[in-house]
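>>> Just the structure for this:
(one chain, ligands or ions: 1)
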Amino acid sequence: MKQGKQFFWGGATSAAQSEGSYLADGRQPSNFDYLPLDDRRLKAVYKNQTNSILHSTGEEIYPGRNGNDFYQRYESDIALLKELGANSFRFSISWPRIFPTGEEQEPNEAGLQFYEKVLTELEKQQMEPIVTLSHFEIPLHLVKKYNGWENRKVVDLFQRYAKTVMERFRGRIKYWIPFNEMNMVLHIPYIGGGILFEEGQDNLSTQYQAGHHQLLANALAIETGKQIDPENQFGAMLAAGKTYAYTCDPKDVFAALQQEKENLLFSDVQVFGEYPKFFPHFLKEKGLNLTIQPEDSAILKKNTVDFVSFSYYSSACTAAEENGIDRVATNGYTTLRNPYLPKGKSVWQDDPLGLRITLNQLQDRYHKPLFIVENGIGTQDEFIDGAVHDDYRIHYLQGHIKNMMLAVEEDGIDLMGYLMWGIIDLPSVSEGKISKRYGVIYVDQDDENNGSHQRYKKDSFAFYQKIISSNGAVVFE
Ligand code: BG6
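Model (predicted):
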């Protein structure tokens, strides 16, 4: 990485997947706390069959309620990250800790104090906080009462929440990501938007409507945040990954182009302040209804983001006609299996060069500083005698960080930093299992929350530590 330029090295987590203590100090449940570890989770995640999710049999395990116990262990966790050499840490604030139902007039002081303590620890360790305001979380009460982000009323309630934390933490947090992976509302609407579907409900219109409301809330958070402190910087955040055409048949290339336009829709609006030109035709062609109020265009136009942050796990692949080509899972949806990518340890297809391609794509499109705020490999790890020999994770980090470095050094990408996802093991969103592990720090906990919750350094910890201390150079050795 270029000497003399500040570069954020570190890790990322979310409140919903790490804090646990879900009813502590006045907090009330969020949508995420009601995602069970059973078949209904996958249905809700991938198939939009969400209406049964709140009906509990009393037998379910809910991984979101336990996380990895960060609420109790934040102090020693942050110390471990410091030992790793991290100079930054991305975490999210849990909306229901601050406004338990989402509708209170006054915030929950105990919730604010928890994040105050986290910030104090980060300051002590000289680590920059990168803060997400909504990482797949909305108070459950707002899901039940308003169907989450489908209802415009939630924009005002989020505004109250965002203003409260930005005022309280003025000068202590500079980098804000109002929403995690906004494009996920199109793939996993209950998780991304707190939306429950009734039988026969027009799913896609509801999803785009929720996305529009999040775009408005994002813009209003930027407006308020800049008034509170002009130093505040705001990021779009998308689940990224270049979509390749399955072949060079122009029909496949066109299919890939279309898919990218849809995937980049929300970040386009966040960067350019308006919907792209294809969008009205797209709505008409798909028969979608979207309510946009007259004042919305000006709000979106006036309040655009300062940087574009994104997660990268894999590229995607598409064809005009699938004709029985294999599909594989990726982040939040399925895609065609890319025959050029070797089978790795993870179910999602690893594509390190795809990260360089994605960085170039986003810079060419947006001309904004970019920020990798999630990247990593989720695998089963073997924990034997206090050790995890995760050479596959070392290999993954080496490949991805090398491509990132080449993108900066040879392609001129303006990159703010690299944050590894799930740096301390935490339950996965899609599967709900902590046995799908991402961390360089192992957590002694199984999928049913048995275990001591003790932290152990995996082999990849030492490797990432070397990456950071050499400012990336070690990946070329
Ligand atoms: C991203 C999310 O989509 O992917 C994370 O922002 C999530 O919250 C990560 O954990 C990995 O996905 P999964 O399903 O393996 O947890």
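
>>> list the contacts for Ala462?
For Ala462, the contact set (Cβ atoms under 8 Å, 6 or more residues apart in numbering) is empty. Glycine gets a C-beta too; all of them are placed from N, C-alpha and C.

>>> Repeat that for the one 4 residues further on.
The neighbours of Lys466, taking Cβ under 8 Å, 6+ apart as the test, are Val474.

>>> Looks to me like it is in a helix.
Yes: Lys466: assigned to a helix according to DSSP: H, G, I helix; E, B strand; the rest coil.

>>> And the helices in the stretch 351-477 of the chain?
352-366, 391-409, 459-469 (DSSP state H, counting those that start in this stretch).

>>> Could you pull up the mean pLDDT of the second one?
Helix 391-409 shows a mean pLDDT of 98.

>>> Wondering if that helix reaches the ligand at all.
No: Helix 391-409 is not in contact with the ligand by Cβ under 6 Å from any ligand atom; minimum separation 13.6 Å.

>>> List the buried residues for that helix?
Judged by neighbour count (16 or more other Cβ atoms under 10 Å), helix 391-409 contains these buried residues: 392-408.

>>> Using CSV, write out every CA atom in that helix.
Only the C-alpha atoms of helix 391-409 are listed here, as CSV (Å, rounded to 0.1, in the frame of the first residue of the first chain):
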residue,chain,number,x,y,z
ASP,A,391,-4.1,-22.7,5.6
TYR,A,392,-7.1,-22.3,3.2
ARG,A,393,-7.9,-18.9,4.9
ILE,A,394,-4.3,-17.8,4.6
HIS,A,395,-4.5,-18.7,0.9
TYR,A,396,-7.7,-16.8,0.5
LEU,A,397,-6.3,-13.7,2.2
GLN,A,398,-3.1,-13.8,0.2
GLY,A,399,-5.0,-14.1,-3.1
HIS,A,400,-7.5,-11.4,-2.4
ILE,A,401,-5.2,-8.9,-0.8
LYS,A,402,-2.6,-9.3,-3.6
ASN,A,403,-5.3,-8.5,-6.2
MET,A,404,-6.4,-5.5,-4.1
MET,A,405,-2.8,-4.3,-3.9
LEU,A,406,-2.3,-4.6,-7.6
ALA,A,407,-5.5,-2.7,-8.2
VAL,A,408,-4.2,0.1,-6.1
GLU,A,409,-0.6,0.1,-7.4
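
>>> how much does that helix deviate in direction from helix 352-366?
On the basis of axes from the mean of the first three to the mean of the last three Cα atoms, to 10 degrees, helix 391-409 is oriented at 30 degrees to helix 352-366.

>>> would Gly225 count as being in a strand?
No: Gly225 is assigned helix when assessed by three-state DSSP, not a strand.

>>> element containing the closest residue to Tyr244 other than its chain neighbours?
Spatial nearest neighbour of Tyr244, chain neighbours left out: Cys317 (4.9 Å); criterion: Cβ to Cβ, 6 or more residues apart in numbering. Assigning secondary structure by DSSP states H and E places Cys317 in strand 316-318.

>>> Show the average pLDDT along the following helix or strand past that strand.
Remark: after strand 316-318, the chain's next helix or strand is strand 327-329, criterion DSSP H and E. Average pLDDT, strand 327-329: 90.

>>> What residues does this structure have near the ligand?
Going by Cβ under 6 Å from any ligand atom, the residues of the chain near the ligand are 14, 17, 180-181, 239, 311, 331, 374, 378, 421, 428-430, 436.

>>> Can you get me a residue count around Val271?
20 (other Cβ atoms under 10 Å).

>>> returning to what we had before: out of the residues of the chain next to the ligand, which is most surrounded?
When neighbours are counted by other Cβ under 10 Å, Glu181 leads those with 29 neighbours.

>>> ok now do it, which residues does it touch?
Counting by Cβ under 8 Å, 6+ apart, the residues that Glu181 touches are Gly192, Met237, Leu238, Ala239, Ser311, Gly332.

>>> quick one, phi/psi of Gln445?
Per-residue torsions, Gln445: phi -160, psi 140 (degrees, to the nearest 10).

>>> Mind pulling up the pLDDT for it?
On the pLDDT scale, Gln445 is placed at 98.

>>> Now it: closest residue in space that isn't a chain neighbour?
Using Cβ to Cβ, 6+ apart and skipping the chain neighbours, the partner closest in space to Gln445 is Gly451 (3.9 Å).

>>> For stretch 253-266, buried residues please.
Within stretch 253-266, the residues scored as buried using 16+ other Cβ under 10 Å are Val253, Ala255, Ala256, Gln259, Glu260, Asn263, Leu264, Leu265, Phe266.

>>> Could you single out the nearest of those residues to Tyr62?
Minimum distance to Tyr62 across those is 28.5 Å, recorded for Phe266 (Cβ to Cβ).

>>> Are we agreed that the closest one is in a helix?
Yes: assignment of Phe266 by three-state DSSP places it within a helix.

>>> Could you pull up the residues touching it?
Met182, Asn183, Gly211, Gln214, Leu215, Ala236, Leu238 are the contacts of Phe266 under Cβ under 8 Å, 6+ apart.

>>> Adding distance to Tyr22, write the helices of the stretch 351-477 of the chain out as TSV.
Formatted as TSV, these follow (distance: least, Cβ to Cβ, whole Å):
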stretch	distance to Tyr22
helix 352-366	34
helix 391-409	29
helix 459-469	28
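
>>> Determine the three-state secondary structure at Ala298.
Ala298 ends up helix, using three-state DSSP.

>>> list the contacts for the nearest residue to Gly399 once chain neighbours are set aside?
Take Gly399 and drop its neighbours on the chain: the residue closest to it by Cβ to Cβ, 6+ apart is Pro352, 3.4 Å away. Taking Cβ under 8 Å, 6+ apart, we find Pro352 in contact with Tyr396, Gly399, His400, Lys402, Asn403.

>>> the helices in the stretch 51-200 of the chain, which residues?
Under DSSP H, counting those that start in this stretch, the stretch 51-200 of the chain gives helices at 70-84, 95-98, 109-124, 140-146, 153-168, 189-193.

>>> now those as a markdown table including distance to Asn232?
What follows is the helices of the stretch 51-200 of the chain, written out as a markdown table (distance: least, Cβ to Cβ, whole Å):
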| stretch | distance to Asn232 |
| --- | --- |
| helix 70-84 | 22 |
| helix 95-98 | 18 |
| helix 109-124 | 15 |
| helix 140-146 | 25 |
| helix 153-168 | 7 |
| helix 189-193 | 24 |
